[in-house]
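J.: Let me see the structure of the following:
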Amino acid sequence: MQFLKQTKSRTPESVELAFTLAGVGNRTVALVVDYLLWMLVLIISLVIFAFLYNSLSGVPGAKNWLIALQILLAFAIYVGYFVFFETLWRGQTPGKRYAKIRVIREDGRNAGLTQAIVRSLLRVIDELFFIGLLLILFTKQEKRLGDWVAGTLVIQEGQVVSPKAIDIQPEAQAVATQLLATGKMGSLTPDDFASIRRYLQRYPFLSPDAKYTVNKTLDRQIREITHLESTEFRMDNHLFIQAVYLVCLEQFRK
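T.: Model prediction:
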């Protein structure tokens, strides 16, 4: 019996990725952790404002200003907490990281600032009369209102299901980590990912001459797109392409 649903995302370039949805249980755990941290920040702010109330008690009108400022700050903390972390940690908050889930766009790409703001602003409506919970329970893609409007999904961390297995050399993972650290891989698109993936799927069936030609061409094209110098990451072309493929998986998964 399958308790966790899966969904498929297809990019405009027809790259199909399958994800395991987070499920209401994981999302609840994440939300509890996040709300505990949010309450801790709120309590700290209340202590600070209590000190300010006491210090400015003799200043005319100070109390009203402090009350207004406190309300605005509480709202900013409530909204800003989720926006800050989901943008900084590519779709994760401390709670989501603990529950090993994350927010992504419907096309499999990383959720950005716009998606984080929309989801956070609509969180109030989602929590009113448990609207968000009902939508998660009774919709196929387990989306709350914020997800529908923002065009996002909440998935389990690392649960990308590849439709076809691709042989990857063990050394490629270390190279992929180094490539990600350069900060130059963000210019790769789903179309580039599709080309690299098709190449790796067909690689075992190519003739030696075809492998050499395609390796060299694809290596050069990737370097032009990412602005990597020809002297950077000099290695076997096929190993380099495998590493770039892993980078693409990481970027479109998170």
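J.: Now do the helices in the chain.
T.: For the chain, applying DSSP state H gives helices covering 23-55, 62-88, 94-99, 113-121, 123-127, 131-138, 145-150, 171-182, 190-202, 208-226, 237-253.
J.: Quick one, which of those gets closest to residue 105.
T.: helix 113-121 (6.4 Å; C-beta to C-beta). Bear in mind the C-beta positions are built from the backbone N, C-alpha and C, glycine included.
J.: Who are the packing partners of that closest one?
T.: Counting contacts by 3 or more C-beta pairs under 8 Å, 6 or more residues apart in numbering; DSSP states H and E, helix 113-121 packs against helix 62-88, strand 101-105, helix 145-150.
J.: I'd like these as a markdown table, with mean neighbour count and mean pLDDT appended.
T.: Below are those laid out as a markdown table (neighbours: other C-beta atoms under 10 Å; pLDDT from 0 to 100):
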| stretch | mean neighbour count | mean pLDDT |
| --- | --- | --- |
| helix 62-88 | 15 | 88 |
| strand 101-105 | 24 | 91 |
| helix 145-150 | 20 | 95 |
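J.: Ok, which of those comes nearest residue 123?
T.: Per C-beta to C-beta, nearest to residue 123 of the helices and strands packed on helix 113-121: helix 145-150, 6.0 Å.
J.: Show residues contacting the closest one.
T.: Helix 145-150 is contacted by residues 103, 111, 114-115, 118-123, 125-126, 131-132, 135, 141, 152-154 when judged by C-beta atoms under 8 Å, 6 or more residues apart in numbering.
J.: at 10 Å instead, please
T.: 82, 103, 105-106, 111-112, 114-126, 128, 131-132, 135-136, 139, 141, 143-144, 152-154 (C-beta atoms under 10 Å, 6 or more residues apart in numbering).
J.: now the end-to-end length of stretch 224-232.
T.: Stretch 224-232 stretches 12 Å from its first residue to its last (C-alpha to C-alpha, to the nearest Å).
J.: How about stretch 89-96?
T.: The stretch stretch 89-96 measures 10 Å between its terminal residues, going by C-alpha to C-alpha.
J.: returning to that earlier point: how about the helices of the chain in CSV, adding distance to residue 7?
T.: Shown next, in CSV, are these (distance: least, C-beta to C-beta, whole Å):
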stretch, distance to residue 7
helix 23-55, 12
helix 62-88, 19
helix 94-99, 17
helix 113-121, 17
helix 123-127, 19
helix 131-138, 13
helix 145-150, 12
helix 171-182, 26
helix 190-202, 17
helix 208-226, 29
helix 237-253, 14
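J.: what comes up buried for stretch 118-126?
T.: 118, 119, 120, 122, 123, 126 (16 or more other C-beta atoms under 10 Å).
J.: For the chain, which residues score under the pLDDT cut-off?
T.: Residues of the chain meeting the criterion pLDDT under 70: 1-6, 8-18, 158-165, 252-254.
J.: what about 80?
T.: Scanning the chain for pLDDT under 80 picks out the ranges 1-20, 53-63, 107-109, 157-166, 190-191, 194, 205-206, 229-233, 250-254.
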